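S.K.: coords please:
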Amino acid sequence: MGLSIYLPLPLVLDKGTNHARTKLLIAVATGILVFLLGDVFVDAAQSLYNGSLYGYGSSPIYDVVFAFSLTIGFLGLFFVGWRRKLSLTPTQLTMLIAVGIGFQNLTEGLLFGSLSVTMGLTSAALVVLVGFIFQNLTEGFPIALPFLGATVEQRNAFLVIAGAMLIGGIPTIAGGAVGYFYSSTIFALMFDGLAIGTMLYVILPMLRDLLREPDSAKLGIPYLGIFLGFILGFIVNLL
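M.R.: Residues are numbered from 1 along each chain as shown. The predicted model follows:
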């Protein structure tokens with residue numbers, strides 16, 4: 001489940017990719033990240049909006065943990081980037097996307113680990129396993145995309161992407177091991193918040209670059225790609 005994140009690697013490192021295809025694939029990856037942002041929040045919302053506050057709202061402790069983690073995830077990266085006053089390199093963007101997805105995959109691993117205890121590797125747990133394998137496949141796509149069409153030496157690009165995918169995929173394995181022995185709503189909310197804050201930060205420069213198109217007629221490619229990426233995330237989640 002954790003290592004299925006490597007499956008999109010051959011597509012991204014294809015040297016025959018032209019500019020239009022590059023633009024489309026980056027837009028699709030951005031759409032996937034937008035979907036993942038909402039998907040992670042839905043997971044957190046099940047704990048946040050549980051009606052514990054006189055039938056409304058949630059536990060103040062849960063609210064504080066989630067809000068604090070989200071703030072750390074976003075503002076931590078924001079202030080680092082603001083002080084440097086530099087645009088992100090492909091390596092930096094790849095690593096930041098991997099970290100955000102890694103936080104999300106950690107919570108997925110926690111869920112799968114706890115289900116493995118209560119249900120065994122059958123029934124709902126097996127469905128979750130297959131679903132997360134497909135979802136991790138789509139998550140490897142945005143991790144590698146910053147290097148699509150970049151003017152870097154191919155071997156260096158491969159090493160950076162492979163390392164970043166390891167950062168994104170290993171938390172699934174670690175979360176599964178931890179979730180098998182320990183389950184905590186606060187723990188899951190903390191990493192959900194970090195994942196959302198991190199992914200929100202990295203989505204913004206990707207959108208900025210995609211929509212920085214002097215020819216308005218060509219904006220159809222990124223618009224369509226983002227939509228297709230969101231739909232792809234939705235379809236994979238249905239599985």
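S.K.: quick one, what contacts the residue nearest the centre of the chain?
M.R.: Centroid-nearest residue in the chain, with Cα atoms, centre = their mean: Ile101, separated by 3.3 Å. Going by Cβ atoms under 8 Å, 6 or more residues apart in numbering, Ile101 touches Ile5, Leu36, Glu139, Pro142, Ile143, Gly168, Ala195, Met199. For glycine as for every other residue, the C-beta is placed from the backbone atoms N, C-alpha and C.
S.K.: right, and the second one touches Leu200 too?
M.R.: Translated: Leu36. No. Counting by Cβ atoms under 8 Å, Leu36 does not reach Leu200; the two are 10.6 Å apart.
S.K.: out of these two, which sits in the more crowded spot?
M.R.: Leu36 (25 against 18; other Cβ atoms under 10 Å).
S.K.: Quick check: buried residues in the helix or strand where that one lies?
M.R.: Applying DSSP states H and E as the criterion places Leu36 in helix 19-48. Applying a neighbour-count criterion of 16 or more other Cβ atoms under 10 Å, one finds 23-37, 39-41, 43-44, 47-48 buried in helix 19-48.
S.K.: and that helix, average pLDDT?
M.R.: What helix 19-48 shows for mean pLDDT is 82.
S.K.: Check which helices and strands that helix sits against.
M.R.: Using 3 or more Cβ pairs under 8 Å, 6 or more residues apart in numbering; DSSP states H and E, the elements in contact with helix 19-48 are helix 60-84, helix 90-119, helix 123-144, helix 185-211, helix 220-238.
S.K.: Run through who's touching the first one.
M.R.: Residues outside helix 60-84 that contact it (Cβ under 8 Å, 6+ apart): 44, 47-48, 53, 57, 88, 96, 100, 103, 185-186, 189-198, 200-202.
S.K.: at 10 Å what do you get?
M.R.: 41, 44-45, 47-50, 52-53, 57-59, 87-88, 92, 96, 99-100, 103, 185-202, 204-205 (Cβ atoms under 10 Å, 6 or more residues apart in numbering).
S.K.: ok, of the residues you listed, which come out buried?
M.R.: For the contacts of helix 60-84, buried by 16+ other Cβ under 10 Å: 41, 44, 47-48, 58-59, 88, 92, 96, 99-100, 103, 185, 187-202.
S.K.: mind checking how far Gly113 is from Gly175?
M.R.: 6 Å (Cβ to Cβ, to the nearest Å).
S.K.: List the residues that contact the spatially closest residue to Phe187 that is not a sequence neighbour.
M.R.: Excluding its sequence neighbours, the residue lying closest to Phe187 (Cβ to Cβ, 6 or more residues apart in numbering) is Leu110, at 7.0 Å. Shown in contact with Leu110 (Cβ under 10 Å, 6+ apart): 171-172, 174-180, 182-184, 187-188, 191.
S.K.: Give me the residue ranges of this protein where confidence is low.
M.R.: Applying pLDDT under 70 to the chain flags residues 1-2, 10-19, 51-57, 81-87, 117-132, 134-137, 148-158, 213-217, 239.
S.K.: hang on, the earlier thing: please report how far the residue nearest to the centre of the chain lies from Pro171.
M.R.: Counting by Cβ to Cβ - Ile101 and Pro171 are separated by 8 Å.
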